[in-house]
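J.: I need the structure of the sequence given here:
(2 chains)
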There are 2 protein chains.
Amino acid sequence: MTIDHKHELDQQDFLIKAAELLKAYVASSSCSSKPVVELACPDKLAAAFAAAGVPLKLDDHQAAAETSNELIAALQTTLKHSVRTSHPLFFNQLYARVEPVGVAADWAVAATNTNVHTYEVAPVFSLVEAALLDKVARVIGFRQHDGLLVPGGSISNTYALHLARFRKDPAVKTRGAAGGPVLVGFTSSHAHYSYEKAAHLTGLGTDNMVAVEADAQGEMLPHALEAAVAAARKQGKVPFFVGLTAGTTVTGGFDPIAAIAPIARRHGMWLHVDGSWGASLLLSPRHRGLLAGIEQADSVGWNAHKMLGLPSQCAAFVSRHPGVLQATNATHAPYLFQPDKLHGEYDIGDKSIQCGRKADAFKWWLQWKAVGDAGFAARVEHNIELAEHVEACVAAAGGAFLMAVPRVAANVCFWYVPPSLRPFDPAAASPEQWAALGRVAPAIKARMQQAGDAMIGYQPLGQLPNFFRLVFANCVGVSRQQLQQLLQRIDQYGRDL
Amino acid sequence: MTIDHKHELDQQDFLIKAAELLKAYVASSSCSSKPVVELACPDKLAAAFAAAGVPLKLDDHQAAAETSNELIAALQTTLKHSVRTSHPLFFNQLYARVEPVGVAADWAVAATNTNVHTYEVAPVFSLVEAALLDKVARVIGFRQHDGLLVPGGSISNTYALHLARFRKDPAVKTRGAAGGPVLVGFTSSHAHYSYEKAAHLTGLGTDNMVAVEADAQGEMLPHALEAAVAAARKQGKVPFFVGLTAGTTVTGGFDPIAAIAPIARRHGMWLHVDGSWGASLLLSPRHRGLLAGIEQADSVGWNAHKMLGLPSQCAAFVSRHPGVLQATNATHAPYLFQPDKLHGEYDIGDKSIQCGRKADAFKWWLQWKAVGDAGFAARVEHNIELAEHVEACVAAAGGAFLMAVPRVAANVCFWYVPPSLRPFDPAAASPEQWAALGRVAPAIKARMQQAGDAMIGYQPLGQLPNFFRLVFANCVGVSRQQLQQLLQRIDQYGRDL
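T.: Next comes the predicted model:
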């Protein structure tokens, strides 16, 4: 069977129409007069696609679309009902407001459709990745380095555990963990859940990934780490890894790297800093002090798709140990990394746990060229100024808002206190009052989603019931005034609760 | 510091110009009058970027570009010196010739910039992923299923090992592998190197990932598996996993799933089929027999970015055990998977080892809507017809070409025999003659790259020295005549060797 192009849809025609749609979408994506989301339950979405002539379901005998207009209808329906993550009032996640240069770079990555495993198929992207990682390492303060762009911060944390285990017990690569020592790692109790997932995946086991006590801001207590290490040693386990966080997910806290580094060194533990969220503060002369000591880390993860406005995914994993990725991961497959080909010495794929790997570095590199160090610094500082402003508004709100956790950087965690619960005194509140407070954020959020005018995350934390977490991921174009309006809207939605 | 938009480059303007460039690039990307690559060493590439005014290196004090034209120059230089993977004569990899619908879908994914971890931020993409996986599972023949889109086939294989271990030894999730049984898995000696990488990462250890003997086409010998399992049991190890391959990387062989499945079942082993390359044959009524028995697998990996022309990455991992991903990977992080939010029951993120995950399913789904089952079947069958044609040309070449391995499906493995080595008799050739034959492919490939007129992979295999591997990944627009010209060109480049 050969492909009958005459009877197939004109894909080029679709691409051209789609590009027009998407350019307009990106141009208007940060427009505050549009809803952040047109909330729809799955049934309603299925109905919308059916009405557009392109049902969500793929049939047992799926027919082809007959015209590119049918596919355009599918694309329009997709855009209409997707969440506008670039909207000024989308604060639901640690990413938001993607910028056009990054989008264009991602489009180029899709169009060239290559793989950064070998220089021969990705000459430019291989060198771009090297140039980017070199700059990232200099910003961190590493004098030498090894690194890769990886599919997100969870995978960065997985690499860190994996490399740390190999450094401590090189025989694990062949013998496996089953015959080896019981290794034990440490993270703070506020660390991202991906450390736990990585403990499953690597076969470390969550019993051997100890959650060390943190303070109210989510910052690891050095003496608690010392105690946890001693306790693990008593159980006959071998400490090998400390996973710190620069910018915890909920509170935005920064583990004290400089205070922890000597402890890690003394106990022969690999020190990783999960800077997925907070490493971008390194780009701000005003705020990089929160990461003091990071140059002593063995590895760092840093997601540019969070605070720097690049499209997901754009995550760097960097270690200060040259050659460690190759040593840990290489298999020297002769069908890919041929020793007798041209320029094979520039191949980077064997360092990875992936074979196919996208040229994500290009996005970050091009955006760095576009805005420079100063542009990135301005973005980071603008985010944090907005966070400071919201904190000040909460303090000035006369009891309608209440900070749940002290602010450190770009996360503001607060309760809305409806009139029925005011004044709310945390020191004296009854369990019933706390429970009532915990029902407020979900109710307000649902109303906001239904109205489509803003999205903010909420969650409980330890003993604290549900509070709003307002995160300033990339706030290009977001003003103080918009944030004040947002707080007013919360008040409107919550007044009757 | 707030962002001074007046002094920042106009990113929208850049996006519009970039989109024009990229539309033209995609439209001409399969044009055979352009070179497949303008080969350049790293120094020459660095010089090209410097000449364009946008050096590859990022400075210590990186300044911003002042005009969007500077960035356009960077983009143009990138496109000019990248490999044209959609070129009709690019056969270097198991991916090629991306189609415009997939590119447009990838552009939409970048523009919407969301994350398929929760329904609330990705309502459409969550349902699209479910609809796609449902269809994929039906094509495989699973009556029920669980699945995810993952960043490539290597990660699929890693999921398979990870799930298999958890099924065999659920305590591993908390206790870790160190205190547990020594598990042992089996793949064929022709399996992809990612099984080995996954054995490193999961802490299984490569000693416990046994390479079972295969025949010349790279297909696992069932009796050899039986023997390997018995040998491992004798060593006190616990068999838990068989990783088969549908479409091996080099020879394109298909492990005999139906023959292996009862062995796996009898020994209580998880049966995974790495169909990264070959599962697309399931879409062809003519060729799906090569995967007979696949519905008995516990899990299957399938990359649509290989034979189906979608942009990388677009890889599905599917298991026939509902709930197995959640059981193996879930951590129930309360800051993401809040039990009290709207539609939280549609969240899929906790099944993944990632937190951020791209909406790759959208590409495959939209392309399926565009071309239908028949369009995919036609692509697969066209690929294999071209492979058959090349095989016939090799046979008819009177000794100038020689099959290195019998062809099974879409891989054609052959030597070019220069006149100085003819007639080449494999049964009687001396070690010197074999060594001389092994130097031919790298030399011809380098000449082809320098001329920029084609790219084909080569590699040694066991005792066989370097041979060409011509792979038919997605050959929309590629003709028999072009392949004949390609063989003629190999002859021209190699005649003097």
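J.: Which positions in stretch A:233-243 come out as buried?
T.: A:237-243 (16 or more other CB atoms under 10 Å in any protein chain shown). Using the backbone N, CA and C atoms, a C-beta is placed for each residue, glycine as well.
J.: Same check on stretch A:182-194?
T.: By neighbour count with 16+ other CB under 10 Å, stretch A:182-194 contains the buried residues A:182-188, A:190-194.
J.: out of the residues you listed, which touch chain B?
T.: When the buried residues of stretch A:182-194 are checked against chain B using CB under 8 Å from any CB of the partner chain, the ones in range are A:182-183, A:192-194.
J.: Taking those residues together, which two end up most distant?
T.: Using CB to CB, the two most remote members of these are A:Val182 and A:His192, lying 23.7 Å apart.
J.: what's the helix or strand for A:Gln488?
T.: Taking DSSP states H and E as the definition, A:Gln488 sits inside helix A:480-494.
J.: now for that helix, which elements pack on it?
T.: Under the contact criterion of 3 or more CB pairs under 8 Å, 6 or more residues apart in numbering or on different chains; DSSP states H and E, helix A:480-494 touches helix A:361-395, strand A:411-416, helix A:440-451.
J.: Report the distance from it to the chain centre.
T.: Centroid separation between helix A:480-494 and its chain, computed with CA atoms, centre = their mean, to the nearest Å, is 26 Å.
J.: So A:Ala428 belongs to a helix, correct?
T.: No: counting by DSSP: H, G, I helix; E, B strand; the rest coil, A:Ala428 is not found in a helix; it is coil.
J.: returning to what we had before: got the buried residues of stretch A:233-243 as a markdown table, with secondary structure columns?
T.: Supplementary listing: these in a markdown table, determined by three-state DSSP:
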| residue | secondary structure |
| --- | --- |
| A:Lys237 | coil |
| A:Val238 | strand |
| A:Pro239 | strand |
| A:Phe240 | strand |
| A:Phe241 | strand |
| A:Val242 | strand |
| A:Gly243 | strand |
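J.: got the contact list for the closest residue to chain B within the stretch 351-497 of chain A?
T.: Closest approach between the stretch 351-497 of chain A and chain B, counting by CB to the nearest CB: A:Gly372, at 3.3 Å. Counting by CB atoms under 8 Å, 6 or more residues apart in numbering or on different chains, A:Gly372 touches B:62-65.
J.: Columns distance to B:Ile257, secondary structure and pLDDT on top of the residues you listed, output as JSON lines?
T.: As requested, those are exported to JSON lines (distance: CB to CB, whole Å; DSSP: H, G, I helix; E, B strand; the rest coil; pLDDT from 0 to 100):
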{"residue": "B:Gln62", "distance to B:Ile257": "53", "secondary structure": "coil", "pLDDT": "97"}
{"residue": "B:Ala63", "distance to B:Ile257": "58", "secondary structure": "coil", "pLDDT": "96"}
{"residue": "B:Ala64", "distance to B:Ile257": "56", "secondary structure": "coil", "pLDDT": "95"}
{"residue": "B:Ala65", "distance to B:Ile257": "54", "secondary structure": "coil", "pLDDT": "93"}
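J.: Which of the residues you listed are buried, as a ChimeraX select command?
T.: The ChimeraX command for the buried members of the contacts of A:Gly372 (criterion: 16+ other CB under 10 Å) is given here:
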select /B:62,64,65
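J.: As a markdown table, the contacts of A:Gly372 with distance to A:Pro42 would be great.
T.: Listed next are those as a markdown table, based on distance: CB to CB, whole Å:
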| residue | distance to A:Pro42 |
| --- | --- |
| B:Gln62 | 46 |
| B:Ala63 | 49 |
| B:Ala64 | 44 |
| B:Ala65 | 44 |
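J.: could you pick out which of the contacts of A:Gly372 are near chain A?
T.: Residues of these in contact with chain A (CB under 8 Å from any CB): B:62-65.
J.: which of these lies closest to chain A?
T.: The shortest gap between chain A and any of the ones next to chain A among the contacts of A:Gly372 belongs to B:Ala64, at 3.3 Å (CB to the nearest CB).
J.: Quick check: that closest one touching A:Ala377?
T.: No: here B:Ala64 does not reach A:Ala377: they are 11.1 Å apart, not a contact under CB atoms under 8 Å.
J.: where exactly do the helices run in the stretch 1-150 of chain A?
T.: For the stretch 1-150 of chain A, the helices defined by DSSP state H, counting those that start in this stretch cover A:11-28, A:42-51, A:68-81, A:100-112, A:123-140.
J.: contacts for the helix holding A:Gln488?
T.: In this structure, residues lying in contact with helix A:480-494 by CB under 8 Å, 6+ apart are A:32, A:88-89, A:386, A:389-390, A:393-394, A:397, A:400-401, A:416, A:418, A:440, A:443-444, A:447-448, A:451, A:453-454, A:456, A:468.
J.: Just the C-alpha atoms of it, please, in CSV.
T.: Extracted in CSV, the C-alpha atoms of helix A:480-494 (Å, rounded to 0.1, in the frame of the first residue of the first chain):
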residue,chain,number,x,y,z
ARG,A,480,0.4,45.0,42.1
GLN,A,481,-3.0,46.3,41.3
GLN,A,482,-4.1,43.0,39.8
LEU,A,483,-3.0,41.2,42.9
GLN,A,484,-5.0,43.6,45.1
GLN,A,485,-8.0,42.9,42.9
LEU,A,486,-7.3,39.2,43.3
LEU,A,487,-7.4,39.5,47.1
GLN,A,488,-10.6,41.6,46.9
ARG,A,489,-12.2,38.8,44.7
ILE,A,490,-11.2,36.2,47.3
ASP,A,491,-13.0,38.3,49.9
GLN,A,492,-16.1,38.6,47.7
TYR,A,493,-16.2,34.8,47.0
GLY,A,494,-15.6,34.0,50.7
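J.: From one end of stretch A:108-126 to the other, what's the distance?
T.: End-to-end span of stretch A:108-126 (CA to CA, to the nearest Å): 15 Å.
J.: That stretch close to chain B?
T.: Yes: Stretch A:108-126 comes into contact with chain B (CB under 8 Å from any CB), by way of A:108, A:110-115, A:119-125.
J.: got the residues of the stretch 351-497 of chain A near chain B?
T.: Contacts of the stretch 351-497 of chain A with chain B, taken as CB under 8 Å from any CB, map to A:353-358, A:362, A:365-366, A:368-375, A:377-379, A:381-382, A:385, A:442, A:445-446, A:449, A:455, A:457-461, A:466, A:469, A:476.
J.: Give me the pLDDT value at A:Ile3.
T.: For A:Ile3, the model assigns a pLDDT of 62.
J.: what about A:Asn8, how many neighbours?
T.: Careful, residue A:8 is Glu; it's not Asn. 19 (other CB atoms under 10 Å in any protein chain shown).
J.: That one contacts A:Ala64, correct?
T.: Yes: under the criterion of CB under 8 Å, A:Glu8 makes contact with A:Ala64 at 7.1 Å.
J.: Touching both of those two, which residues are there?
T.: Residues within reach of A:Glu8 and of A:Ala64 at once, by CB under 8 Å, 6+ apart, are B:371, B:375.
J.: mind checking the SS state of A:Leu336?
T.: Applying three-state DSSP: A:Leu336 is coil.
J.: Identify the residues contacting it.
T.: By CB under 8 Å, 6+ apart, the neighbours of A:Leu336 are A:117-118, A:347, A:349-350, A:355, B:193, B:459.
J.: Which pLDDT does the model give the residue nearest to A:Pro418 when sequence neighbours are not counted?
T.: Leaving out its chain neighbours, the residue that sits closest to A:Pro418 by CB to CB, 6 or more residues apart in numbering or on different chains is A:Leu497, at 4.2 Å. A:Leu497 carries a pLDDT value of 93.
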